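**Q** Dropping the sequence and predicted coords here.
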Amino acid sequence: CHPQPHLVRKLAPAPCQCFFLHLSLGLLPPSPSSLPSTLRKTLNPTPRRFAYRVGWYAASMHLGSTELVGTLDRIGIVAFALSGVEVGARKRLDLFGLLVMGVVTATGGGLMRDVVLGKLPYVIGREDYLLWAVGSSALSILVVSRRRSIPGPLLATADAAGLGAFAAAGALAGIRAEVPVAAVILLAMLTATGGGALRDLLADRVPLVLRSEVNATAAGLGGFAVWAAEPFWTGGAALLGVGVAAGVRLLTLTLGVHLPVPGGAVGLGEDGAVGGGR
């Protein structure tokens with residue numbers, strides 16, 4: 001049985017809330033010899049039950065749009081750092097160059113969004129943003145240094161997760177700023193693809209957002225989903241936007257769908273990298 005979220009928030013300190021979060025997600029290891037079967041099922045849920053509990057907890061949190069934007073930004077930062085480092089490794093950059101590529105890719109979209117909205121970028125105003133970016137980039141460098149190339153499925157998953165998180169964050173930021181729906185969608189697209197565009201410029205190639213893939217389209221659809229659902233349920237709207245953008249991204253990658261290019265074939269690009277496209 002799970003504690004009611006509003007009781008947890010009123011009665012429990014932050015560490016206890018973290019305990020209940022881990023418990024509800026089934027992250028605590030069981031002790032089969034000492035726990036009854038019912039409790040073992042609670043602590044070791046099936047994949048379907050696990051997914052349900054993730055959605056239940058996230059949707060039940062009464063977070064404001066500011067907190068949701070911050071949470072989604074951090075998810076996107078971690079996911080996109082890997083993409084930036086991977087492209088830098090293809091260009092045979094040194095350690096500092098790889099770190100710069102990771103940080104720029106992870107924070108560039110959110111920085112552009114905040115500048116457009118006329119406020120101090122979170123990456124500057126919140127010190128943990130830069131720490132997340134540097135730490136994720138350093139970890140990605142370690143992964144790259146141990147392997148010559150990162151598996152395609154891992155890159156695709158990280159790309160889709162970052163895309164969905166940044167698209168939802170951009171849309172929520174636009175809604176909070178009370179801009180029209182068209183601007184909300186554009187902010188979702190900018191947040192999700194801005195870091196990839198900067199990454200490609202640093203790598204001396206035409207940004208993928210201008211020539212292949214459907215990242216911006218997926219981000220726009222996710223942003224629209226957030227705008228449509230936000231009046232009813234902010235937390236649910238964020239989850240919906242992440243799911244739509246990431247789902248469209250993964251579906252188009254799986255099916256090999258690209259926007260047409262007159263007079264030539266469409267591919268993953270000169271370096272075969274994933275991320276930052278249309």
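**A** Arrived safely, thanks for sending.
**Q** wait, doesn't Thr107 sit right on Gly194?
**A** No: if you go by C-beta atoms under 8 Å, Thr107 and Gly194 don't touch, sitting 9.4 Å apart. In short, each C-beta sits where N, CA and C put it, glycine included.
**Q** what's the neighbour count on Leu111?
**A** Close neighbours of Leu111, defined as other C-beta atoms under 10 Å, add up to 19.
**Q** Now it: which helix or strand?
**A** helix 95-116 (DSSP states H and E).
**Q** list the helices and strands that helix packs on?
**A** helix 65-90, helix 122-125, helix 127-146, helix 152-176, helix 181-202 (3 or more C-beta pairs under 8 Å, 6 or more residues apart in numbering; DSSP states H and E).
**Q** Let me have the ones you listed in CSV, extended by distance to Val209 and mean pLDDT.
**A** Shown next, in CSV, are the helices and strands packed on helix 95-116 (distance: least, C-beta to C-beta, whole Å; pLDDT from 0 to 100):
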stretch, distance to Val209, mean pLDDT
helix 65-90, 13, 86
helix 122-125, 20, 88
helix 127-146, 20, 89
helix 152-176, 12, 89
helix 181-202, 5, 94
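**Q** Next, the angle from the helix or strand containing Thr254 to helix 152-176.
**A** Per DSSP H and E: Thr254 is located in helix 234-255. In terms of direction (axes from the mean of the first three to the mean of the last three C-alpha atoms, to 10 degrees), helix 234-255 departs from helix 152-176 by 140 degrees.
**Q** List the buried residues for helix 234-255?
**A** Within helix 234-255, the residues that qualify as buried by neighbour count (16 or more other C-beta atoms under 10 Å) are 234-242, 244-246, 248-250, 252-253.
**Q** what do you get for stretch 200-209?
**A** Going by neighbour count (16+ other C-beta under 10 Å), the buried part of stretch 200-209 is Asp200, Leu202, Ala203, Arg205, Pro207, Leu208, Val209.
**Q** that older thread, and the helices and strands packed on helix 95-116 as CSV, adding distance to Pro262?
**A** Below are the helices and strands packed on helix 95-116 laid out as CSV (distance: least, C-beta to C-beta, whole Å):
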stretch, distance to Pro262
helix 65-90, 27
helix 122-125, 38
helix 127-146, 36
helix 152-176, 26
helix 181-202, 21
